[in-house]
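Peer 1: predicted structure and sequence below. I'll ask about it afterward.
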Amino acid sequence: MPDLDYGTVSRYWDEAGPSILGPYMMDGFGFPAAAGRFRFRGECKLVKQLIDGSDEEGNVLDLGSGIGCWTEYFAQRFAHVVAVEASTPLFEAMQRRCTPLGSVKMIHGDVMLFEPDERYEVIFLGGMLMYLNEDDVIGLLRKLVPSLRPGGIILCRETTVLKGDLIRDGEYQAVYRSVENYQRIFSECGLSVVEVRMNLPYVVMQMGCEFVKKWKATVPTRMQLLAFVGRLVYWSLRLGYPWIAQVPRTLGLAFPELTNHFFLLQPDLSSHVR
């Protein structure tokens, strides 16, 4: 499997727009900003359930923090948050969002070069691993495990595919892995998968992205009316949420191509990872 070109990955995010839609890869489909907020609110409900029981006096590490939405979320619930982001426009957007929060330490730098110097109750990777080659995923996670507090968790949110790996190349590069492949990788890192949770808000919005993508591929540009079509698709999906996500499966369709899962991880005390 070919490796990702990290220079290309960095250039893409250095030129990314710091909107609620951009980091979600929802730009260019005619969706209103409300579509990004809807997805984020839905994901917040899932995260709240997954971190239930974590010590709110503990620290959180948010790696690949983007525009700081998750940093802000954790800062409102935990004593201290460390957020690391390499992209300049995304980091500056995070600064504007999170500087008023006195409990946040923001670091402008490469996640792979970050050296943990604290113990964390929660380590959050919100779509970070898909931009790393497998060896680097394993190296990063092995480096992070010792920085967890006793009982601490790693929470990953990653875009997934049904089988194997799907590689995006060109100007935008990423590796979408299957749930089974992520479980294998986590095991190699000495991590137990406590829970895997489908990210339903992502799946429903991804249905919209893939539908509009097909629309753009078949309808002449002058007739696409993206501002109208994007809003119509968004509101149709929102009104049909959550049951609309079951329609493709009921019809036997592999749609959408991309899904997304949360992985709740803890160190496997029985493992002996070198």
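Peer 2: Arrived safely. Numbers count the residues shown, from 1 in each chain.
Peer 1: once you drop chain neighbours, what's closest to the spatially most central residue of the chain?
Peer 2: Closest residue to the average C-alpha location of the chain: residue 127 at 2.7 Å, with C-alpha atoms, centre = their mean. Leaving out its chain neighbours, the residue that sits closest to residue 127 by C-beta to C-beta, 6 or more residues apart in numbering is residue 157, at 5.9 Å. No exception for glycine: its C-beta is placed from N, CA and C like everyone else's.
Peer 1: touching the helix or strand of the chain with the lowest mean pLDDT from outside, list them.
Peer 2: The least trusted helix or strand in the chain, going by mean pLDDT, DSSP states H and E, turns out to be helix 247-250, with a mean of 89. By C-beta atoms under 8 Å, 6 or more residues apart in numbering, the residues outside helix 247-250 that reach it are 207, 254, 255, 256.
Peer 1: now do stretch 236-244
Peer 2: 35, 38, 200, 201, 204, 205, 207, 208.
Peer 1: next, the distance between the ends of that stretch.
Peer 2: 9 Å (C-alpha to C-alpha, to the nearest Å).
Peer 1: now the helices: where do they sit in the stretch 1-150 of the chain?
Peer 2: Taking DSSP state H, counting those that start in this stretch, the helices of the stretch 1-150 of the chain run over residues 6-14, 33-50, 69-75, 88-98, 134-144.
Peer 1: what's the closest of those helices to residue 194?
Peer 2: helix 33-50 (8.9 Å; C-beta to C-beta).
Peer 1: chain center to the closest one, what's the gap?
Peer 2: 12 Å (C-alpha atoms, centre = their mean, to the nearest Å).
Peer 1: same thing with stretch 180-191?
Peer 2: That offset, for stretch 180-191, works out to 18 Å (C-alpha atoms, centre = their mean).
Peer 1: which parts of that stretch are buried?
Peer 2: 181, 182, 183, 185, 186, 189, 190, 191 (16 or more other C-beta atoms under 10 Å).
Peer 1: wait, isn't the last one in contact with residue 145?
Peer 2: Yes: using C-beta atoms under 8 Å, residue 191 and residue 145 qualify as a contacting pair, with a distance of 6.8 Å.
Peer 1: give me the common contacts of these two.
Peer 2: Common neighbours of residue 191 and residue 145 (C-beta under 8 Å, 6+ apart) are 154, 267.
Peer 1: how confident was the prediction at residue 103?
Peer 2: Reading off the confidence values, residue 103 has pLDDT 94.
Peer 1: let me see the contact set for it.
Peer 2: So residue 103 contacts 75, 78, 79, 80, 81 (C-beta under 8 Å, 6+ apart).
Peer 1: what sits against residue 31?
Peer 2: Contacts of residue 31 (C-beta under 8 Å, 6+ apart): 21, 208, 230, 231, 233, 234.
Peer 1: and the helix or strand containing residue 157 with helix 33-50, angle?
Peer 2: Assigned by DSSP states H and E, residue 157 belongs to strand 148-161. Angle of strand 148-161 versus helix 33-50, following axes from the mean of the first three to the mean of the last three C-alpha atoms, to 10 degrees, is 140 degrees.
Peer 1: give me the buried positions along strand 148-161.
Peer 2: Within strand 148-161, the residues that qualify as buried are 148, 152, 153, 154, 155, 156, 157, 158, 159, 160, 161, counting by 16+ other C-beta under 10 Å.
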